[in-house]
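> what shape does this take:
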Amino acid sequence: FWTDVGPKQALICPPSELPLCLQQLPDRVKRQLPLSQQAFFDALGMRGAMSLPVEDDKIAGMVLWAPQYIPQSQSAIWNGQNHELVLRHQPQLTLWHELGHLEVKRLQGDVLPAELSELEHEWLADTYLAWRCAKEWNSLELVWQQYHRRNLAVISDIGNLSHWSPLYLIQVLRRYDQKKIAGFADFTTFVLDFYPVISSYSQDEVAEFSSLLQHLFSRNRRQALPGYMFWRREQLGRVLQPTLEQLLGTESANFLLFKEGMLQ
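I've put the predicted structure just below:
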């Protein structure tokens, strides 16, 4: 099916319907996409969705959407305990996230910088998800679910660092409530408001957060080093606090954060 994304349209396609989907696209667009069906499937892998942006006046791109592969929960183990978050409406959130990638791509070189890192692309796509939730569901509850999901994913596997949107998303969610976000007529206007005031992190700074996350949450952690990356601990604590409070309760979360030097 077709859906609006900004001033353009995107084609949402289940992989099983790929031949039919491609028939709906003009040749000028098809020439920008993978050459064979197998190339599409190889790119998607076992993921639940993937966006394929194109350069076109009317079409933003295609989203391969396989809801059956989208997880229904996200978990992470620390202190010998498994902490699980049940994911509600995740197929819809995933679809909005992928449409966000198409919108971010459209805004690059204009409203947004021409060059964006993978992490920057991901947190901006999650901000589009936040705008859609605020506009269409009149709530940020599931934005916070996405936030907690991303935190748990990076705690569970540092390989998910490229999708660790909470590092930036926390700034947006602290700055705007649901009504303010819903008040922006389109995503472009929202980006113009928040992007200039967001504190950004260099690759080296993100690498420091990565080292600290691995030190704190590695299953093979053998000893506490209170001084390790002490200059990043409070910042990391502010990003993790909402998720730990959601899973452990405020008292237990704050005890853990204080013990690890992430809460003053």
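> now residue 4: closest residue in space that isn't a chain neighbour?
residue 10 (7.9 Å; C-beta to C-beta, 6 or more residues apart in numbering). The C-beta positions use only the backbone N, C-alpha and C, and glycine is treated the same way.
> and residue 150, how many neighbours does it have?
If you count neighbours by other C-beta atoms under 10 Å, residue 150 ends up with 23.
> any idea which helix or strand carries it?
In the assignment (DSSP states H and E), residue 150 maps to helix 141-156.
> just residue 105 next, same as before
helix 90-107.
> show me what that helix is packed against.
strand 2-5, strand 8-13, strand 49-53, strand 59-65, helix 118-136, helix 141-156, helix 187-194 (3 or more C-beta pairs under 8 Å, 6 or more residues apart in numbering; DSSP states H and E).
> compare these and give me the one nearest residue 209.
Across the helices and strands packed on helix 90-107, residue 209 has its closest neighbour in helix 141-156 (9.1 Å, C-beta to C-beta).
> quick one, the closest one and helix 90-107 angle?
90 degrees (axes from the mean of the first three to the mean of the last three C-alpha atoms, to 10 degrees).
> just the buried positions in helix 141-156, please.
Within helix 141-156, the residues that count as buried by 16 or more other C-beta atoms under 10 Å are 142-156.
> tell me how far that helix lies from the chain's centre.
From the chain centre to the centre of helix 141-156 is a distance of 9 Å (C-alpha atoms, centre = their mean, to the nearest Å).
> what does stretch 98-117 give?
That offset, for stretch 98-117, works out to 14 Å (C-alpha atoms, centre = their mean).
> what's the first-to-last distance across that stretch?
16 Å (C-alpha to C-alpha, to the nearest Å).
> buried ones in that stretch, by neighbour count?
So for stretch 98-117, counting by 16+ other C-beta under 10 Å, buried means 98-108, 112, 116.
> likewise for stretch 205-219?
By neighbour count with 16+ other C-beta under 10 Å, stretch 205-219 contains the buried residues 206, 208, 209, 210, 212, 213, 216, 217.
> between these, which is closest to residue 191?
The nearest member of the buried residues of stretch 205-219 to residue 191, counting by C-beta to C-beta, is residue 206 at 21.1 Å.
> list the contacts of the one helix or strand that closest one maps to.
Assessed by DSSP H and E, residue 206 sits inside helix 203-217. If you take C-beta atoms under 8 Å, 6 or more residues apart in numbering as the criterion, helix 203-217 is touched by 76, 78, 117, 119, 154-155, 158, 161, 164, 167, 201, 221, 225, 228-229, 232-233, 235-236, 260.
> surely residue 25 meets residue 62?
Yes: the pair residue 25 and residue 62 qualifies as a contact (C-beta atoms under 8 Å) at a distance of 7.4 Å.
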